[in-house]
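Asker: need the 3D shape of this:
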Amino acid sequence: MAASTVTPQDAHTAQQGASGADAKTPSGAAERAVTHHAVTLDVFGTRVELLPPEQLAFLAGVGVLAAFEVLEWPVALVLAVGHQLAHSHHGRVLREFGEALEEA
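Answerer: Sure thing, here's the model as predicted:
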């Protein structure tokens, strides 16, 4: 099992090959901002993409607080779900903003 961090340039290159997004287009810039520092793992020949390190650290911290019973587990669950929803909404908004800029 090997871990690697995808730099914005690597994410752009992979994304450009997959969708044809150019670095100079607004949607390409939005996509780079969303995929900034994604962590990928190669597990038995399959590529698994994890959350960015700062999000993993937050979720791990909430998990540790719940494990030591500083936080009740329902509160930790609500914090983790809310955090993920906020970040997924942020990514969707960035993508839509980039698409709207291209149309204008």
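
Asker: what is the least confident helix or strand in the chain?
Answerer: Sorted by mean pLDDT, DSSP states H and E, the helices and strands of the chain end with helix 8-19, the least confident at a mean of 47.

Asker: and the lengthiest helix in the chain, what's buried?
Answerer: Secondary structure of the chain per DSSP state H: the longest helix is helix 73-103. Of all the residues in helix 73-103, those buried under the rule 16 or more other Cβ atoms under 10 Å are Ala76, Leu79, His87, Leu94, Gly98. All C-beta atoms are positioned from the backbone trio N, CA, C, and that covers glycine.

Asker: can you name every helix or strand that it contacts?
Answerer: Helix 73-103 is packed against helix 26-34, helix 53-67, with contacts defined by 3 or more Cβ pairs under 8 Å, 6 or more residues apart in numbering; DSSP states H and E.

Asker: pick out the shakiest of these, pLDDT-wise.
Answerer: Lowest mean pLDDT within the helices and strands packed on helix 73-103: helix 26-34, a mean of 65.

Asker: I'd like the next helix or strand past that helix.
Answerer: As assigned by DSSP states H and E, the chain's next helix or strand after helix 26-34 is strand 39-43.

Asker: would you mind pulling up the elements that that next one packs against?
Answerer: If you count contacts as 3+ Cβ pairs under 8 Å, 6+ apart, strand 39-43 packs onto strand 2-5, strand 46-50.

Asker: residue contacts, the closest residue to Leu41 other than its chain neighbours?
Answerer: Leaving aside its chain neighbours, Leu41 sits nearest to Val48 (4.6 Å; criterion: Cβ to Cβ, 6 or more residues apart in numbering). Taking Cβ atoms under 8 Å, 6 or more residues apart in numbering as the criterion, Val48 is in contact with Thr40, Leu41, Asp42.

Asker: appreciated, that's everything.
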